[in-house]
Every structure is written in structure tokens, then in C-alpha cells.
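>>> requesting a structural model of the entry that follows:
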Amino acid sequence: MSDAPPSTFTPAPLDSSKRTWLLASGCAGAAGAVALASPFVSSFAPSERAKAAGAAVEVDIAALKPGEKLTVEWRGKPVWIVRRTPEQLASLKQADAEVADPLSKRNAFPTPEYARNETRSRQDHKEILVLIGICTHLGCSPVEKFQTGAQPSLPDNWQGGFFCPCHGSTFDLAGRVFKNKPAPDNLEVPPYMFLSENKLLIGEDKKA
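Residues are numbered from 1 along each chain as shown. Down below sits the predicted model:
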């Protein structure tokens with residue numbers, strides 16, 4: 001047996017990069033533990049990335065009054081929800097002969113089957129209009145012109161609708177483009193469905 005004293009091991013001092021890595025690893029581990037302890041509180045809320053990729057958006061329209069418009073975002077686009085008045089719905093028939101595609105049969109911006117009608121809406125909720133608020137010409141955002149009658153850049157018999165300030169395209173209160181305007185198609189109707197009387201789901205139109 002050797003009488004030499006046992007050797008001792010002295011750890012080399014950590015350089016700054018290793019120390020930083022170890023601290024980061026420890027923090028990540030602690031954060032993971034906290035996340036596991038939490039009962040998946042946010043697991044059902046779509047992330048911003050999921051929304052951008054097309055995750056459906058639920059909207060409460062209970063406070064939306066007749067004649068008002070609500071704007072939400074889906075896939076990075078503005079989506080308009082309008083609760084039309086009986087008078088506004090009645091005005092659509094008057095515009096049938098003046099719009100370019102009254103029943104939305106064109107396919108450049110395909111319209112869901114349930115919205116290929118005069119009101120461009122689900123027939124059990126005719127008053128609710130859902131549109132993507134982007135002009136089909138060059139992507140500008142039209143503005144609402146719900147007031148009726150003669151106004152700058154609008155015809156004297158204007159019944160209400162939307163006006164694109166970029167190039168002058170006009171749309172009725174179903175998002176149908178008027179004839180002889182730069183926009184080639186009606187405003188797009190996204191997929192949507194009713195979850196209840198006052199709750200909409202934008203981005204999906206078929207129940208699982």
C-alpha cells in the first residue's frame with residue numbers, strides 16, 4: 001500500500017459562457033416545473049402564431065345593435081360583422097340590377113354555398129353580414145357608408161354600403177360590387193357559423 005497522500009480534485013473555475021448556460025438551463029427547468037404545475041390554463045387559447053395560420057376566432061355579437069359594424073381579426077385580415085336593419089335588408093333587392101354579381105357565382109373569391117344569395121348570409125340569420133374588409137381590386141380597405149342619399153363620390157340614390165377610397169369601387173350592404181367599378185368581385189365572405197344565437201365562429205363552418 002502506498003503511503004502517498006490521496007490526491008485531491010480541484011474543479012476548474014467556470015468561464016462566463018458556461019456559467020451563463022448553466023443559469024439559463026436552471027431557469028428553464030424551473031419554468032418547466034411551474035408550467036407543469038399549472039393545469040394547462042392557456043392550452044385552449046389560440047396563440048398568435050395559430051391565429052395567423054388560420055385558427056378560428058370566436059366572437060360575441062350580443063352587444064351589436066342593428067345598423068352597427070364590429071371588426072375582428074382573422075388570419076391577419078379585418079373581418080366585418082354587420083347587424084343589418086330590416087330597411088337595409090330591403091334595400092338589397094333594389095340593388096340586384098345594379099351589382100355585377102348579385103348571387104355571388106364568380107369564383108375568383110369563392111363564396112360559401114350558404115352565402116350565395118341576395119343577402120350573402122346564412123338564411124337563419126339573414127341580418128348578420130360577415131365580410132373580409134379588403135377590396136378585391138388592389139387590397140385597400142373600404143370604409144362604411146351606411147347613410148343613405150347623395151354624398152361625395154356616391155350616387156344620388158345611394159342605399160348604404162361600402163366605398164373604397166383608393167379607386168372608387170362601391171359595394172352594397174351585402175358586399176356586392178356595383179357594375180363598372182375597378183373591383184372585379186364582391187367582398188369575400190369567410191367561412192363562419194353560429195355557435196349560439198349571439199356567438200359566431202369565424203374561420204370554420206362545419207361542426208366537428
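
>>> tell me who's in contact with the most centrally placed residue in the chain.
Centrality entry for the chain: nearest residue to the mean C-alpha point is Trp74, 2.1 Å, by CA atoms, centre = their mean. Applying CB atoms under 8 Å, 6 or more residues apart in numbering to Trp74 gives the contacts Lys51, Gly54, Ala56, Val57, Ile132, Pro190, Ile202, Gly203. C-beta coordinates here come from the backbone N, C-alpha and C atoms, glycine included.

>>> any idea how many residues pack against the residue nearest to the second one when sequence neighbours are not counted?
Using CB to CB, 6 or more residues apart in numbering and skipping the chain neighbours, the partner closest in space to Gly54 is Arg75 (5.2 Å). Close neighbours of Arg75, defined as other CB atoms under 10 Å, add up to 15.

>>> quick one, strands of this protein?
57-60, 68-74, 77-83, 128-132, 143-145, 161-163, 170-172, 192-196, 199-202 (DSSP state E).

>>> reformat those strands as CSV; add distance to Arg116 and mean pLDDT.
Converted to CSV, the strands of the chain look like this (distance: least, CB to CB, whole Å; pLDDT from 0 to 100):
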stretch, distance to Arg116, mean pLDDT
strand 57-60, 23, 96
strand 68-74, 21, 97
strand 77-83, 18, 97
strand 128-132, 14, 98
strand 143-145, 23, 96
strand 161-163, 19, 97
strand 170-172, 15, 97
strand 192-196, 14, 97
strand 199-202, 19, 97
